[in-house]
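Colleague: task: produce atomic coordinates for the following.
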Amino acid sequence: ISVMRKGVLHPTLLLQRLTKRRARIMGLDIGDRYVGIAVSDDGNRVANGLPTIQRKVERVEIPRRPGERRPLRNRKIETVRADLERLVRKYRVAAIVAGLPDYVDRRPSEQSKRTCRFVEEMAEGKGILSMIPVYWQHELYSSAVARDQLRERGFRDFEAKKELIDQMAACRILQSFLNKYGDGIGI
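Modeller: As a prediction, this is how the structure comes out:
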């Protein structure tokens, strides 16, 4: 994932070229436990959610006490990278939009710093992710908005719906990018 290196196209031009090639854009909501994922349609007009990827999993070797959660362990970065690369190939993704959860005044938050480190780790190596440009989409409260939308639909157990919340947040991040830069192609 080449993080806004020299020569990366302006987002409007990117959308025009990808639409002509029928290539897609992937949106990521990068959290500490899950990576919410969305992908655009062939026309790069609408963001659609995909199943999330887990960054941390329960340690099944430790017995769970009733009412408690097991401790978490990180999945190997190579495994997470392989999961993302599989989706990039399957959906013909040619660019990635990652949500950057800065503070309102645009100062980097701790989560922003962790998000940047994750994107840099995904770009390491010789895989397809090292060749795909990454665009940052400033995002505020995308997960909170997704929780509010679920609450309006009658959901209450948000911990059980965390993966859905992250998927909805990824859709919101990608859709914001498509709406902001898609004017040149009739979005």
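Colleague: look at residue 75 and report its pLDDT.
Modeller: On pLDDT, residue 75 comes in at 72.
Colleague: tell me if I'm right that it and residue 54 touch.
Modeller: Yes - the criterion here is C-beta atoms under 8 Å, and residue 75 meets it with residue 54 at 6.3 Å. Every C-beta, even on glycine, is put in place using the N, C-alpha and C of the backbone.
Colleague: between these two, which is the more surrounded one?
Modeller: Set residue 75 next to residue 54 and count neighbours by other C-beta atoms under 10 Å: residue 54 wins out with 17 against 14.
Colleague: quick check: bridge partners of the more buried one?
Modeller: residue 34 (DSSP bridges).
Colleague: need the CA coordinates for the longest helix seen in the chain. PDB is fine.
Modeller: Scanning the chain for the longest helix, with DSSP state H as the assignment, gives helix 162-181. Extracted in PDB, the C-alpha atoms of helix 162-181 (Å, rounded to 0.1, in the frame of the first residue of the first chain):
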ATOM      1  CA  LYS A 162     -19.000  -5.100  16.500                       C
ATOM      2  CA  GLU A 163     -18.100  -6.700  13.200                       C
ATOM      3  CA  LEU A 164     -21.200  -5.200  11.600                       C
ATOM      4  CA  ILE A 165     -20.400  -1.800  13.100                       C
ATOM      5  CA  ASP A 166     -16.900  -1.900  11.600                       C
ATOM      6  CA  GLN A 167     -18.300  -3.000   8.200                       C
ATOM      7  CA  MET A 168     -20.800  -0.100   8.300                       C
ATOM      8  CA  ALA A 169     -18.100   2.300   9.300                       C
ATOM      9  CA  ALA A 170     -16.000   1.200   6.300                       C
ATOM     10  CA  CYS A 171     -18.900   1.700   4.000                       C
ATOM     11  CA  ARG A 172     -19.400   5.200   5.400                       C
ATOM     12  CA  ILE A 173     -15.600   6.000   4.900                       C
ATOM     13  CA  LEU A 174     -15.600   4.800   1.300                       C
ATOM     14  CA  GLN A 175     -19.000   6.400   0.400                       C
ATOM     15  CA  SER A 176     -17.800   9.700   1.700                       C
ATOM     16  CA  PHE A 177     -14.700   9.400  -0.500                       C
ATOM     17  CA  LEU A 178     -16.900   8.500  -3.600                       C
ATOM     18  CA  ASN A 179     -19.300  11.300  -2.900                       C
ATOM     19  CA  LYS A 180     -16.500  13.900  -2.400                       C
ATOM     20  CA  TYR A 181     -14.500  13.100  -5.500                       C
END
